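Student: sequence plus the predicted model coming up.
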Amino acid sequence: MMLFSKRVSALSNLPSRAVNNGIRAFIIGTCKGQCPVDHPNEPKTKVYSTCAKLSEKTIIETPPSEMLIDSFGRFHSYLRISLTERCNLRCQYCMPADGVELTPSPQLLSPDEIIRLADLFVTAGVEKIRLTGGEPTIRKDIEDICLRLSNLKGLKTLAMTTNGITLARKLPRLKECGLSSINISLDTLVPAKFEFMTRRKGHEKVMEAINTAIDLGYDPVKVNCVVMRGFNDDEVGNFVELTRDKPINIRFIEFMPFDGNVWNVKKLVPYFEMRDKVVR
């Protein structure tokens, strides 16, 4: 597994129309040619529109490095760094119950290598770095990595995607170290369903992490929710309600296939079905 990677995805944030009364919900879907064309505000090209862009301002102020421009002429200013394969949960849509075979430690990037490579990308024009995993917060050197990354000249946003299990106690220090944006994964508001899906306890810890992030001034706190038929598709409305009076953005994500997660098309709730649930 390559722990330092520039990931360019065909996914995009598809904003729902339910934005009145303070509601903030977004839908992420694969939609390769599946987006209905009878919605004038949601053309197929919108699926890819936020993956990358080359603005006139960028061209004028900071000429982009050729290594960040793809074959379609798009400038990619967003870098994802996977810090570890390890995770303290075993989510059924993510990995087998026994976990995954881990890369030998000598093959992993050291903190110095991570910072060096990140610096090269930032110098080339990357403005946002997201730390992922596995679960990034279980790295013992996560605070040092955040501090050093946040000090890179030219970096505007340092973000992290986390399951939230250990986040509440670590987040105050991580914010001091420059972590400016947070995404917390939570697929259900029901503790028993959380334990079933993750094969671990910890629902209350994730809720505590969300509240801690709000208390620390993160706005918005982004919550990632993978929607699966027969499991949590009936909770879409409840998740949306969380956004009414709190600085929370809910990001509904399609259940996507990859190695080890026993994907089943019958569990897939397509983005347009999620959208309709939100709009009602």
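Tutor: Yep, that arrived.

Student: can you tell me the closest non-neighbouring residue to Ala97?
Tutor: Among residues not flanking Ala97 along the chain, Arg90 sits closest, at 5.5 Å (C-beta to C-beta, 6 or more residues apart in numbering). No exception for glycine: its C-beta is placed from N, CA and C like everyone else's.

Student: what secondary structure does that neighbour sit in?
Tutor: Here Arg90 is recorded as coil under DSSP: H, G, I helix; E, B strand; the rest coil.

Student: next, count neighbours for it.
Tutor: Arg90 has 16 neighbours, counted by other C-beta atoms under 10 Å.

Student: for it, phi and psi?
Tutor: Main-chain torsions, Arg90, degrees, to the nearest 10: phi -130, psi 60.

Student: that one contacts Lys201, doesn't it?
Tutor: No - look at Arg90 against Lys201 with C-beta atoms under 8 Å: they stay out of range, at 11.8 Å.

Student: what are the ranges of the helices in the stretch 151-280 of the chain?
Tutor: Remark: helices assigned in the stretch 151-280 of the chain by DSSP state H, counting those that start in this stretch are 167-176, 191-198, 203-215, 236-241, 271-279.

Student: other residues contacting the longest one?
Tutor: Right, the one you point to is helix 203-215. 162-168, 171-172, 182, 184-186, 188, 190-191, 194-195, 221, 223, 246-248 (C-beta atoms under 8 Å, 6 or more residues apart in numbering).

Student: one more pass at 7 Å, please.
Tutor: 163-165, 167-168, 171, 182, 184, 186, 191, 194, 221, 223, 246-247 (C-beta atoms under 7 Å, 6 or more residues apart in numbering).

Student: number of nearby residues for Ile182?
Tutor: Neighbour count for Ile182, taken as other C-beta under 10 Å: 24.

Student: so what's it up against?
Tutor: Ala159, Met160, Ala213, Tyr218, Val221, Lys222 are the contacts of Ile182 under C-beta under 7 Å, 6+ apart.

Student: 8 Å instead?
Tutor: Ala159, Met160, Thr162, Leu167, Leu171, Ala213, Tyr218, Val221, Lys222.

Student: kindly report the same for Asp141.
Tutor: Shown in contact with Asp141 (C-beta under 8 Å, 6+ apart): Pro111.

Student: how close does the spatially closest residue to Thr84 that is not a sequence neighbour sit to Gly99?
Tutor: Distance criterion C-beta to C-beta, 6+ apart; nearest residue to Thr84, sequence neighbours excluded, is Gly134 at 4.1 Å. Counting by C-beta to C-beta, to the nearest Å, the gap from Gly134 to Gly99 is 10 Å.
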